[in-house]
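Undergrad: One predicted model, sequence on top.
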Amino acid sequence: MALSSSASTLLRRLLGSTPLSSSRSSVLRAAFCSSSSSGPSPTLPPPSTISGDDTEVANVPPLTTPKLFVSGLSRLTTDEKLKSAFAPFGQLLEVKVITDRVSGRSKGFGFVRYASLQEAETARQEMNAKFLDGWVIFVDPAKQREQKPAPQPDTASSHTGFTINKTVGWCG
DNA sequence: GTTGAGCGTT
């Protein structure tokens, strides 16, 4: 038996569980929202924008952002390596591997931003669960680091005195 | 050499 330690770790990660699965969240969300909704589809963004691609789209939903979150990178993988790996799939607007400011080394994940959703999807389907520098990387849609810079909540609630917070959920 | 869950600096 000659198994490398990295091979066992690799198999463990593959057979263990996929930490990031956007498809499951959608299913759970859909089931959760359909419990108290009269309409067939309350507020779901139509899967348009991307048309003419009926070739072989498995069961993964289209991306909603050209920014991708790449995880599972090797500690030796840098921005250049990540860029070289995602370059042939489209025009990269930004490529960055997150490195710790204290130690100065890679944290093991990075971000890649394409010019369009098509390129991002192509790169995602072509680079997800693929090998990079000896490690299996995972490509998923990245979350925006800062969506809104806190638009002063004081001006709108100064004449009532009562603050009403309604929990609507993620249905819309 | 640094071995493994996660979402970054302006």
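TA: It's in.
Undergrad: following the host helix or strand of A:Gln125, which helix or strand comes up?
TA: Using DSSP states H and E, A:Gln125 sits within helix A:117-127. Scanning forward in sequence from helix A:117-127 by DSSP H and E, the next helix or strand is strand A:130-132.
Undergrad: does DNA strand B sit close to the next helix or strand after that next one?
TA: Per DSSP H and E, the first helix or strand lying C-terminal to strand A:130-132 is strand A:135-141. Yes: Strand A:135-141 is in contact with DNA strand B by C-beta under 7 Å from any atom of the strand, via A:Trp135, A:Asp140, A:Pro141. Every residue, glycine included, has its C-beta placed from N, CA and C.
Undergrad: Identify each buried residue in the helix holding A:Gln125, please.
TA: Buried positions in helix A:117-127, judged by neighbour count with 16 or more other C-beta atoms under 10 Å: A:Leu117, A:Gln118, A:Glu119, A:Ala120, A:Glu121, A:Thr122, A:Ala123, A:Arg124, A:Gln125, A:Met127.
Undergrad: can you put those in a markdown table and add pLDDT and distance to DNA strand B?
TA: Formatted as a markdown table, the buried residues of helix A:117-127 follow (pLDDT from 0 to 100; distance: C-beta to the nearest atom of the strand, whole Å):
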| residue | pLDDT | distance to DNA strand B |
| --- | --- | --- |
| A:Leu117 | 92 | 15 |
| A:Gln118 | 91 | 19 |
| A:Glu119 | 93 | 16 |
| A:Ala120 | 95 | 12 |
| A:Glu121 | 93 | 15 |
| A:Thr122 | 93 | 18 |
| A:Ala123 | 94 | 15 |
| A:Arg124 | 94 | 12 |
| A:Gln125 | 92 | 16 |
| A:Met127 | 95 | 14 |
